[in-house]
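>>> Sharing a model prediction with you, sequence too.
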Amino acid sequence: MKKVGVKFCGNCNPHVDTGEIYREIQDKLGQMEGLELVSKDTPGLDVLIVISGCPVDCAERPPGTYREVVAAGESVNRVGCAAAEISEKIMEQLAKIC
Amino acid sequence: MRTRQEYIDSLKALNTVVYAFGEKIDNVVEHPLTKPHVNAAAMTYELAHDPEFEDLVTTTSHLTGKKVSRFTHIHQSADDLVKKVKMLRGISQRTGSCYQRCVGFDGINALYATTYDIDQKHGTRYHERMKDYVKHLQETDNMVCGAMTDPKGDRGLSPGKQDDPDLYVRIVEKNDKGIVIRGAKAHQTGVVNSHEILIMPTIALAEEDQDYAVACALPVDAPGVIHIFGRQSNDTRKFDEMDQGNACFGVVGGEALTVLNDVFVPWEKVFMCGEVDFAGTLVERFACYHRQNYGGCKGGVSDIIVGATAAIADMNGVARASHIRDKIVEMLHLTETVYCCSIACSSQGRPTRSGAYFVDPLLANVGKLNITRFIYEICRLSHDIAGGLLATLPSEKDLQHPEIGPYVEKYFKGKADVPTEERYRIVRLLENMTGGTALVESMHGAGSPQAQRVMILRQGNLPHKVALARKLAGIEEKG
């Protein structure tokens, strides 16, 4: 079981609803086998999903050797997408690296 | 860190003496005049426990290594300064009003750096006390009211030359246990719903004003402390709901006159006692930290005003008119300009000798001076777009009245698909956020415009600019 954590940027002036993206990811992860949503501070984290409200992506990263999937404003891993597609694109990236 | 509810419960346990409208307020948590300001401050506690916001609202203490509220943190980098501004904008977007904790935050940072410098020159031990005090704040997550502004009496006279010597807070007694202070602090944002007060001098002081060179911390409910809550424009609307505009969080911070009638402060909470040569440094540092804030907090408040203005334009059916769109663009431009100033003065921050980071003072003052103009312009444009309804809308009681309510409903309708009550609520929000007390706070909060002009002239490097011009003009320098 791979451990997946989520980290937010702090949402000073978000372009997207980061809470909604998180809830969608939560639902989608619940339907995927082999992945477990855990606290971002869990030791031995395999993947960190960073959800930043805008393209600046100033979220601090916790120490660790995990791989990252980064949603920053209307983009995932620096590829632009519509806000409604963000959680789906995150899941695609997760599937690639897990 | 305290939760929202723990903060509210902690206020109930205090014996803070608060008067308003000639009556004593026994419960600031529930009283309609003070409740919105409690709610706004409570948001700072709530967001510290929200994963979506914790990256900005919390940080790691350099003193203990523990996770703490950023409002109790000493800036350790330029990034900390930037995060402060971002945090302020984010919280403002959720309250639409002042949440008051930045004043104490700026006070502890200014004193942290200045006590270090005082100790270096005078061999005193203030900085260790200050560190202990910061640790105490980080441990308790107490809300601190930064108390700088004295009543000042005749502005043309120094503190010691006033007809009434109490018009600036002063030390009236020193003994082996501590000091006794007397005077008052004016315009104290959030003091009635804080836990502690951090007293600082309000101006640079001369040698003969040693008794006025005092910085110390005391509980808001210490014996001898009385708070007289200030009136705001429209404040009796706090007894209504819709007519308040922002019923949950109110407008600005809830200010009070805090009277200090011979209040005892133990030595461990005294951070300056007679060192007149550092009063000016402390005031300047505090002022610059505080002026840094405004592009963050007022930026967030302006985000709400811009949103409300765009909403009312749509409800009125004029959102697509080119002049409306142009004015909205102007409002956005002004909002982001003030935010730019706060980000800029933060990113150009540098360490003091204490290790605490300090903003670029020139850029911080430029930013606050912009606030004294741009917020007025943003509000003016919102009035332009919203229309005269802002000033003539009947009360919510009329809207809800069984006989005349249907007339209000019918004749204050905008676009057919927009319920009148929604239009009413947006107009009230705009009205309360863009006039009266809310505007004056932008002018005088963190110091009046002239204070910023003085600092800009001092920091503006004018001789360098003159030299550049002379060189390009081909003027040869002599000798």
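Nice, I can see it.
>>> And the most centrally placed residue in chain A, how far from residue B:76?
In chain A, the centroid-proximal residue (Cα atoms, centre = their mean) is residue A:49; its distance is 2.6 Å. Between residue A:49 and residue B:76 the computed distance is 28 Å (Cβ to Cβ, to the nearest Å). All C-beta spots, glycine's among them, are computed from the backbone N, C-alpha and C.
>>> What about residue B:386, how many residues nearby?
22 (other Cβ atoms under 10 Å in any protein chain shown).
>>> That one - nearest residue in space that isn't next to it in sequence?
residue B:312 (4.9 Å; Cβ to Cβ, 6 or more residues apart in numbering or on different chains).
>>> A strand includes that neighbour, no?
No. Read with DSSP: H, G, I helix; E, B strand; the rest coil, residue B:312 is helix and lies in no strand.
>>> quick one, what contacts it?
B:385, B:386, B:387, B:423, B:426, B:427, B:430 (Cβ atoms under 8 Å, 6 or more residues apart in numbering or on different chains).
>>> Among those, which one sits closest to residue B:231?
Taking Cβ to Cβ as the measure, residue B:231 lies nearest residue B:430 of the contacts of residue B:312, at 21.3 Å.
>>> what separates the residue nearest to residue B:367 when sequence neighbours are not counted from residue B:361, distance-wise?
Nearest non-adjacent residue to residue B:367, counting by Cβ to Cβ, 6+ apart: residue B:341, 2.9 Å away. Using Cβ to Cβ, residue B:341 is found at 12 Å from residue B:361.
>>> which stretch of helix or strand covers residue 19?
Went with chain A since none was named. Using DSSP states H and E, residue A:19 falls within helix A:18-30.
>>> wrong one, I was asking about chain B
Assigned by DSSP H and E, residue B:19 falls in strand B:18-20.
>>> From the contact counts, what lies against that strand?
Applying 3 or more Cβ pairs under 8 Å, 6 or more residues apart in numbering or on different chains; DSSP states H and E, one finds that strand B:18-20 contacts strand B:23-25, strand B:225-229.
>>> So which of those is nearest residue B:243?
Closest to residue B:243 of the helices and strands packed on strand B:18-20, according to Cβ to Cβ: strand B:225-229, at 19.9 Å.
>>> Partner strands of the following helix or strand past the closest one, with direction?
Downstream of strand B:225-229, the first helix or strand assigned by DSSP H and E is strand B:255-266. Strand B:255-266 pairs in its sheet with strand B:178-189 (antiparallel), strand B:225-229 (antiparallel), by DSSP bridges.
>>> what sits against the spatially closest residue to residue B:447 that is not a sequence neighbour?
Of all residues not flanking residue B:447 in the chain, residue B:287 sits nearest, at 5.4 Å (Cβ to Cβ, 6+ apart). Taking Cβ under 8 Å, 6+ apart as the contact definition, residue B:287 lies against B:446, B:447, B:451, B:455.
>>> Would you reformat the strands paired with strand B:255-266 as JSON lines and include distance to residue A:85?
Formatted as JSON lines, those follow (distance: least, Cβ to Cβ, whole Å):
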{"stretch": "strand B:178-189", "distance to residue A:85": "44"}
{"stretch": "strand B:225-229", "distance to residue A:85": "51"}
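>>> Quick one: the ones you listed as TSV, columns for mean neighbour count too.
Listed next are the strands paired with strand B:255-266 as TSV, based on neighbours: other Cβ atoms under 10 Å in any protein chain shown:
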stretch	mean neighbour count
strand B:178-189	22
strand B:225-229	20
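>>> so of the contacts of residue B:287, which ones are in helices?
Using DSSP state H, the members of the contacts of residue B:287 that fall within helices are B:451, B:455.
>>> Name only those of the contacts of residue B:287 that count as buried.
Taking 16 or more other Cβ atoms under 10 Å in any protein chain shown as the criterion, what is buried in these is B:446, B:447, B:451, B:455.
>>> so which of the residues you listed comes closest to chain A?
Using Cβ to the nearest Cβ, residue B:446 comes nearest to chain A of those, at 20.0 Å.
>>> Touching, the closest one and residue B:295? I think so.
No. Between residue B:446 and residue B:295 there is no contact under Cβ atoms under 8 Å: 11.3 Å.
>>> can you count the residues close to whatever residue of the stretch 201-350 of chain B ends up closest to chain A?
Proximity of the stretch 201-350 of chain B to chain A (Cβ to the nearest Cβ) peaks at residue B:303, 7.1 Å away. Neighbours of residue B:303 under the rule other Cβ under 10 Å: 20.
>>> Helix or strand: which one has it?
Judged by DSSP H and E, residue B:303 forms part of helix B:279-315.
>>> tell me the mean pLDDT over that helix?
The average pLDDT for helix B:279-315 rounds to 98.
>>> list the buried ones in it?
B:279, B:281-315.
>>> angle of the helix or strand that it is followed by against helix B:279-315?
Using DSSP H and E, the helix or strand that follows helix B:279-315 in sequence is helix B:322-347. Calculated by axes from the mean of the first three to the mean of the last three Cα atoms, to 10 degrees, helix B:322-347 forms an angle of 150 degrees with helix B:279-315.
>>> Neighbouring strands - and their directions - for the helix or strand just after helix B:322-347?
Next helix or strand after helix B:322-347 toward the C-terminus (DSSP H and E): strand B:350-351. With DSSP bridges as the test, strand B:350-351 is paired with strand B:357-358 (antiparallel).
>>> Please enumerate residues in contact with the strand it pairs with?
Contacts for strand B:357-358 (Cβ under 8 Å, 6+ apart): B:75-78, B:80-81, B:113, B:285, B:288-289, B:349-352.
>>> just the buried members of those?
Buried members of those, counted by 16+ other Cβ under 10 Å: B:75, B:76, B:78, B:80, B:81, B:113, B:285, B:288, B:289, B:349, B:352.
>>> how many other residues sit next to the residue nearest to the second one when sequence neighbours are not counted?
Distances taken as Cβ to Cβ, 6+ apart put residue B:62 closest to residue B:76, at 5.1 Å, once the chain neighbours are dropped. Residue B:62 is surrounded by 17 other residues when neighbours are defined as other Cβ under 10 Å.
>>> helix/strand/coil for residue B:62?
What three-state DSSP gives for residue B:62 is coil.
>>> residues in contact with the nearest residue to residue A:64 once chain neighbours are set aside?
Of all residues not flanking residue A:64 in the chain, residue A:45 sits nearest, at 5.3 Å (Cβ to Cβ, 6+ apart). Residue A:45 makes contacts with A:3, A:4, A:5, A:38, A:62, A:64, A:66, as judged by Cβ under 8 Å, 6+ apart.
>>> 10 Å instead, please
Taking Cβ atoms under 10 Å, 6 or more residues apart in numbering or on different chains as the contact definition, residue A:45 lies against A:2, A:3, A:4, A:5, A:7, A:38, A:39, A:62, A:64, A:65, A:66, A:67.
>>> tell me which strands and helices the host helix or strand of residue A:6 is in contact with?
Per DSSP H and E: residue A:6 is located in strand A:2-8. Using 3 or more Cβ pairs under 10 Å, 6 or more residues apart in numbering or on different chains; DSSP states H and E, the elements in contact with strand A:2-8 are helix A:18-30, strand A:35-37, strand A:47-52, strand A:67-72, helix A:86-97, helix B:54-57.
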